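In: Quick one: sequence and predicted model below, then my questions.
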Amino acid sequence: QVQLVESGGGLVQNGGSLRLSCAASGSISSIDTMGWYRQAPGKQRELVASITSGGSTNYVDSVKGRFTISRDNAKNTVYLQMDSLKPEDTAVYYCNAYRVRLTTIIGLYTYWGRGTQVTVSS
């Protein structure tokens, strides 16, 4: 009923920038929190950044000052501006929608995108 579609990943040099986008579509009434997670080979998936519908943000320490998360509530879209990228930022980045209310079913749901690869060359 809900799909998250990410875009904007790719290959960039050390110190470069990328902007990820994630659009949620379907029978959505509201989304409490949207966020970005990442998973590097051999590592656990970690939260990179999240943002509530009210605009409160949270970042993992390793990206503070370099990444900026934002969202457009009207479009159910979340963005991640990534600047000063480092090779250790290389990972598959996943979009997440948490505490989603649907127009068709009562309840709160969580959805994930399929992921987009970000590779930072040294």
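Out: Structure received. Residues are numbered from 1 along each chain as shown.
In: what's near enough to touch the most centrally placed residue in the chain?
Out: The residue lying closest to the centre of the chain (CA atoms, centre = their mean) is residue 36, at 2.6 Å. Contacts for residue 36 (CB atoms under 8 Å, 6 or more residues apart in numbering) come out as 20, 22, 47-50, 69, 78, 80, 93-96. C-betas here are computed from N, CA, C, even on glycine.
In: Any figure for the gap between residue 119 and residue 102?
Out: 35 Å (CB to CB, to the nearest Å).
In: Identify the residue nearest residue 30 in space, chain neighbours excluded?
Out: residue 101 (4.8 Å; CB to CB, 6 or more residues apart in numbering).
In: Please apply the same query to residue 119.
Out: In space, residue 119 is closest to residue 11, 4.7 Å off (CB to CB, 6+ apart).
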